[in-house]
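Engineer: quick one, fold the following:
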Amino acid sequence: MRIEHHPLLSRTPCTRRELTSLHYGEPGGAGKVYLQASLHADELPGMLTLHHLRQLLDRAEARGEILGEIVLVPIANPIGLEQTLMHDAMGRFDFNSGENFNRRYPDLTALIADNLARVLTDDIEQNRQIIRHAMVEALQQMQPASEIDSLRQAQLLLAIDADFVLDLHCDAQAVLHLYGETPYWPQIEPLARYIGAEASLLADGSGAGSFDEACGQTWWRLQERFAGRFPIPSGCVAATVELRGEAQVEHALASRDAAALYAFLQHRGVIAGTAPDMPELPRPATPFNGSLTLRAPCAGLVVFLHQPGAWIEEKQPVVHLIDPISSATQVVCSSVSGVMYMRSAIRFAAAGVELCKVAGANALEGGVTVSA
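Structural biologist: Below is the predicted model of the structure:
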C-alpha cells in the first residue's frame, strides 16, 4: 500500500491542508474501486468503517489477493474536519463560503461532450479510454479559485477513472440506506444486498451536483446523447451509502460494514476469493422522488412515535408536535406507505423544519414533496 498526499489551495498564508489517499494494488488490473468517507466531515461512521476495511485490505495485500486497484480516502474533507463551534463539529457547510461540501461539483458531461463527438469510435473499450482521458484533461485544466474548489478537483482526479465509486455518509438518525442512479441499479443491487440497505433510493440524476453524480452520471448521459452513433460503456457506477446515524460510531457496526464492503469487492473481482452468497435485499429499491419529507407544520416539542426503520402506513401518525404552553398536540401523519429511513435529531422544531423521511414506492406529484 502506498500513501499519496494532494495539497489543496492555501486559503491564508502559512496554512495548508492536503487530501490523503491510500492505494492498494496497481492500475490496469481487475478494475478500480474508489471509496471515501466523511465528505460531510461531521459524519464519522464511514471513517471508522474504512479503518476496519484497511485492516482487511492490508492482510489481503500481504497474501497477494488484491487483483485490481483500490483507493481509500478516509478523510475526504480536511477543511470541514477542522470546523468546530463551541466544540461541536460543523462539517456539512464550508464556513468561508456557506457551500454544502457535497454540492457544486463540475458537470463533466457539459465540459467534454462536444469535443467527444469528434473523437469517439465504434470500439466501446476504446471509447472508455477516450472518455476517461477527456475527463482527466478537463479536470486538470481547471484553475481552482478557492480551497473548496481545489478539494473537489483533487477528489475527482482520484476517483474519475474508477469503475465503482462509493461515498460513505450517514444521517442524523437512520437505518442503513443508499442513493444511486436508476440506470446502474443492476450493478448497485449487489452492494445493497451485502450491506443490508433498508432503503435504496434511485434517480435519473437529482440535479444536486453531488460528488457521486459527478463521477457516475456522465456515462449514462453520454449514452443518451450518442445513442445510435457511438457505443458508450457504463464506465463508472457511483453510489452514496448512508451508514445509519451520526452517533453510531461503533466498532461492531463498522467491522460488520467493512466485511460487507470487502465481500462486495470480492464480488466485483477486485479481490481474490469467492465472495459470500449475497443476502436477500431487505427492501426493494424505490424512486428518490417517491421519498416523502415530513416537516413541522408549527413549532413545538418533537416526539417521534416510531424508530428509524419502522414501516409506516399511509395516514399513520408519525410525529407529535407539542406546544408546552397550551399543551396543544399537532399530529403529523404520512401520506405514503414505506420505511421511515431517517429522522432528525432535533427535538424542538421551528415551523417548516424537516422531521423525517419515508421511502414511498411511487413517484410523488411534483417530485420529493413536503407533508405535514
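Engineer: the chain - how does it break down into domains?
Structural biologist: Using automatic domain parsing, the domain ranges for the chain come out as 2-268, 286-371.
Engineer: where among those is average confidence lowest?
Structural biologist: Here the domains of the chain differ in mean pLDDT, and the lowest is domain 286-371 at a mean of 93.
Engineer: rewinding a little: CSV for the domains of the chain, including mean neighbour count and distance to residue 278?
Structural biologist: (Each C-beta comes from the backbone N, C-alpha and C, glycine too.) Shown next, in CSV, are these (neighbours: other Cβ atoms under 10 Å; distance: least, Cβ to Cβ, whole Å):
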stretch, mean neighbour count, distance to residue 278
domain 2-268, 19, 4
domain 286-371, 17, 19
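Engineer: and residue 280, which of those is closest to it?
Structural biologist: domain 2-268 (7.1 Å; Cβ to Cβ).
Engineer: isn't residue 200 up against residue 175?
Structural biologist: No: counting by Cβ atoms under 8 Å, residue 200 sits too far from residue 175 to count as a contact (11.7 Å).
Engineer: check which helices and strands the strand or helix carrying residue 34 sits against.
Structural biologist: Element membership for residue 34 (DSSP states H and E) is strand 32-37. Here strand 32-37 touches helix 45-62, strand 69-73, helix 147-159, strand 164-171, helix 251-268, going by 3 or more Cβ pairs under 8 Å, 6 or more residues apart in numbering; DSSP states H and E.
Engineer: how about 10 Å then?
Structural biologist: strand 18-25, helix 45-62, strand 69-73, helix 147-159, strand 164-171, strand 237-245, helix 251-268 (3 or more Cβ pairs under 10 Å, 6 or more residues apart in numbering; DSSP states H and E).
Engineer: that one pairs with which strands, parallel or anti?
Structural biologist: Applying DSSP bridges, strand 32-37 is found paired with strand 69-73 (parallel), strand 164-171 (parallel).
Engineer: between helix 147-159 and that strand, find me the angle.
Structural biologist: 150 degrees (axes from the mean of the first three to the mean of the last three Cα atoms, to 10 degrees).
Engineer: for stretch 353-364, list the C-alpha coordinates in PDB.
Structural biologist: C-alpha atoms of stretch 353-364 as PDB (Å, rounded to 0.1, in the frame of the first residue of the first chain):
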ATOM      1  CA  VAL A 353     -38.200  22.100   9.900                       C
ATOM      2  CA  GLU A 354     -37.600  18.700   8.300                       C
ATOM      3  CA  LEU A 355     -38.600  15.900  10.700                       C
ATOM      4  CA  CYS A 356     -38.200  12.600   8.900                       C
ATOM      5  CA  LYS A 357     -38.400  10.800   5.500                       C
ATOM      6  CA  VAL A 358     -40.500   7.900   4.300                       C
ATOM      7  CA  ALA A 359     -39.500   5.900   1.200                       C
ATOM      8  CA  GLY A 360     -42.700   5.600  -0.800                       C
ATOM      9  CA  ALA A 361     -42.900   3.100  -3.700                       C
ATOM     10  CA  ASN A 362     -44.300   5.500  -6.300                       C
ATOM     11  CA  ALA A 363     -43.100   8.900  -7.600                       C
ATOM     12  CA  LEU A 364     -44.900  11.800  -5.900                       C
END
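Engineer: how much space is there between the residue nearest to the spatial centre of the chain and residue 364?
Structural biologist: Residue closest to the average C-alpha location in the chain (Cα atoms, centre = their mean): residue 240, at 2.0 Å. Counting by Cβ to Cβ, to the nearest Å, the separation of residue 240 from residue 364 is 21 Å.
Engineer: residue 165 too?
Structural biologist: 28 Å.
Engineer: next: residue 318.
Structural biologist: Distance from residue 318 to residue 364, by Cβ to Cβ: 16 Å.
Engineer: settle this for me: residue 95 is touching residue 89, isn't it.
Structural biologist: No: at 11.9 Å, residue 95 does not count as touching residue 89 under the criterion of Cβ atoms under 10 Å.
Engineer: give me the common contacts of the two.
Structural biologist: 80, 82, 83 (Cβ atoms under 10 Å, 6 or more residues apart in numbering).
Engineer: out of those residues, name the ones that lie in helices.
Structural biologist: Among the shared contacts of residue 95 and residue 89, DSSP state H puts residue 80 in helices.
Engineer: residue 156: which of the shared contacts of residue 95 and residue 89 is nearest?
Structural biologist: Taking these together and measuring to residue 156 by Cβ to Cβ, the closest member is residue 80, at 17.1 Å.
Engineer: for that closest one, what are its contacts?
Structural biologist: Contacts of residue 80 by Cβ under 10 Å, 6+ apart are 38-43, 89-95, 101, 148, 151.
Engineer: mind listing which of the residues you listed are in strands?
Structural biologist: Residues of the contacts of residue 80 located in strands (DSSP state E): residue 89.
Engineer: closest to residue 283 among the contacts of residue 80?
Structural biologist: residue 43 (22.5 Å).
Engineer: now the closest one, nearest residue through space, not along the chain?
Structural biologist: Nearest-residue entry for residue 43: residue 170, 4.4 Å, with adjacent residues in sequence omitted and distances by Cβ to Cβ, 6 or more residues apart in numbering.
Engineer: ok, residue 348 next?
Structural biologist: Nearest to residue 348 is residue 301, by Cβ to Cβ, 6+ apart, at 5.6 Å.
Engineer: is it true that that neighbour lies in a helix?
Structural biologist: No: counting by DSSP: H, G, I helix; E, B strand; the rest coil, residue 301 is not part of a helix but strand.
Engineer: contacts only, for it.
Structural biologist: Taking Cβ under 10 Å, 6+ apart, one finds 320, 321, 322, 323, 324, 329, 347, 348, 349 in contact with residue 301.
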